[in-house]
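Asks: structure of the sequence below:
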Amino acid sequence: MLAKIKVSVLCYSLFAAFSVNGQESPRELVPGAGYVALGSSFAAGPGIPEQLGACGRSDQNYSNLVATSLQLSLTDVSCSGATINNIRDTPQRDVPPQINAISPDTALVTVTIGGNDINYTSSTFACSGTAADEHCTANLDQSTINAALSQLSEELGAMFDEIEAKAPRATIVLVTYPRVFPVDAVNCGELELSAEDTAYLADLGQSLEDVFVGVASARNILIADAYVEAAGHGPCAPLAERWVNGAGSGETGIRYHPTAQGHIEMARLVLAALRNNR
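Replies: Okay, here's the model as predicted:
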């Protein structure tokens, strides 16, 4: 409960900054407008109180914070473990495809997806805590990962086509994954990874970011680039400054995922992207 109160106070301070100096939300995003949040666990906020339902969604994830700030009517269908196909056309367990939540009246869509398609987080989980002489990442199915990475841009593009077809007047914001592996973090004990495994996973994270930036640029989609902004705020940073957990869960969130503070910062970046697009 204390963690939730702390997050709420921080959120109030953050969002108050967007209501002063005459700054207003974009014209299309009037109070009560429909907002649909799509994505995987990096959007859902597993481990951050209060948890809602079985998908790891938090009522303090970035979409809820954005919706509160802009007084939007939020439908959050993000779900831990989701892939692009789970947004487009494939149910996830008993959860229907996330895109079904979008209608022609939807005014805002945010998306954080793609890491599970290339086994980014699952590879991190698999190698966490393994000894250096196990060469964990070298023993992953890297050919499958590389093949998925080579298709990621095309699959994201098809997904955005379908979102735009369902809600042609919606503003779409691609929210990237915050950076988990700083370049110089090979000796950081919070990661519990060997230097070799850290280097591979850091490169994979950078490749994911490169795809996100390329797709957003090519399609003229707004981007809230948490990867760039999270530099210096990863698992190796002091606890109070972390946007992402390491091998431990810290005070909020789960391992290798955004903290409550990370979601506050992701919300700030979404709001900034929307404000700059007015």
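Asks: contacting residues around the nearest residue to Gly250 once chain neighbours are set aside?
Replies: Spatial nearest neighbour of Gly250, chain neighbours left out: Thr259 (6.0 Å); criterion: CB to CB, 6 or more residues apart in numbering. In this view, the C-beta of every residue, glycine as well, is placed from N, C-alpha and C. Going by CB atoms under 8 Å, 6 or more residues apart in numbering, Thr259 touches 48, 242-245, 250-253.
Asks: export stretch 235-243 to PDB, keeping only CA atoms.
Replies: Presented in PDB, the C-alpha positions along stretch 235-243 are these (Å, rounded to 0.1, in the frame of the first residue of the first chain):
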ATOM      1  CA  PRO A 235      19.600  -2.300 -12.900                       C
ATOM      2  CA  CYS A 236      23.100  -1.100 -12.200                       C
ATOM      3  CA  ALA A 237      22.000   2.400 -11.100                       C
ATOM      4  CA  PRO A 238      21.200   3.200  -7.400                       C
ATOM      5  CA  LEU A 239      17.900   1.600  -6.300                       C
ATOM      6  CA  ALA A 240      16.000   4.900  -6.200                       C
ATOM      7  CA  GLU A 241      17.100   5.800  -9.800                       C
ATOM      8  CA  ARG A 242      16.200   2.500 -11.400                       C
ATOM      9  CA  TRP A 243      13.600   2.300 -14.200                       C
END
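Asks: and the contacts of it?
Replies: 178, 180, 182, 185, 188, 190-191, 226, 230, 232-234, 244-247, 250-251, 256, 258-259, 261-262, 265.
Asks: try stretch 94-102
Replies: Applying CB under 8 Å, 6+ apart, the contact partners of stretch 94-102 are 36, 38-39, 55, 75, 77-79, 82, 86-91, 109, 159, 162-163, 166-167, 170.
Asks: could you redo the last one with a cut-off of 10 Å?
Replies: 34, 36-40, 53-55, 75-79, 82, 84-92, 109, 111, 113, 159, 162-167, 170 (CB atoms under 10 Å, 6 or more residues apart in numbering).
Asks: would you mark the buried spots in it?
Replies: For stretch 94-102, burial by neighbour count (16 or more other CB atoms under 10 Å) applies to 97-99, 101-102.
Asks: ditto for stretch 44-62
Replies: Judged by neighbour count (16+ other CB under 10 Å), stretch 44-62 contains these buried residues: 44-48, 51, 55-62.
Asks: one more: stretch 176-191?
Replies: For stretch 176-191, a neighbour-count test (16+ other CB under 10 Å) marks 176-182, 185-186, 188, 190-191 as buried.
Asks: so which of the contacts of Thr259 comes closest to Leu204?
Replies: Using CB to CB, Val244 is the member of the contacts of Thr259 that sits closest to Leu204, with 14.9 Å.
Asks: quick one, what contacts that closest one?
Replies: Applying CB under 10 Å, 6+ apart, the residues contacting Val244 are 42, 177-181, 190, 226, 230, 233-237, 250, 253, 255-259, 261-262.
Asks: keep only those of those residues that are in helices.
Replies: Here DSSP state H is the test, and the contacts of Val244 give 42, 226, 261-262 as lying in helices.
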